[in-house]
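J.: What shape does this take:
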Amino acid sequence: PMKTYNYNVGFNYITKQNKLKMTAYYIDLKDEIYYHKINAWSGTNTNIDKSQKYGFDLYDKYIINDEFAFV
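T.: Predicted coordinates:
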């Protein structure tokens, strides 16, 4: 079975007109399962012994008034 270890660090700033969320993440995976596509009709399930994923998520929503909002 696949095992994951997740680490997140985030920041939220929420006001009446603005919602800002930032998160940095790191994921350590063991026995990751993925689908290896051979052609348009077939493929196989396979495993990766160890892998890592990392990144940064940013969400910002700014409300000008009740009718307009930028996401």
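
J.: What sits closest to the residue most central in space within the chain if chain neighbours are left out?
T.: In the chain, the residue lying closest to the centroid (C-alpha atoms, centre = their mean) is Asp57, at 6.8 Å. Excluding the flanking residues, the one nearest Asp57 by C-beta to C-beta, 6 or more residues apart in numbering is Thr23, at 4.6 Å. Every C-beta, even on glycine, is put in place using the N, C-alpha and C of the backbone.

J.: try Gln52
T.: Gln52 sits nearest to Asp28 (C-beta to C-beta, 6+ apart), 5.7 Å away.

J.: mind listing what that neighbour touches?
T.: Contacts for Asp28 (C-beta atoms under 8 Å, 6 or more residues apart in numbering) come out as 4-5, 50, 52.

J.: quick revisit: around the residue nearest to Asp57, count how many other residues there are.
T.: If you count neighbours by other C-beta atoms under 10 Å, Thr23 ends up with 14.

J.: Surely it is in contact with Tyr7?
T.: No - between Thr23 and Tyr7 there is no contact under C-beta atoms under 8 Å: 10.7 Å.
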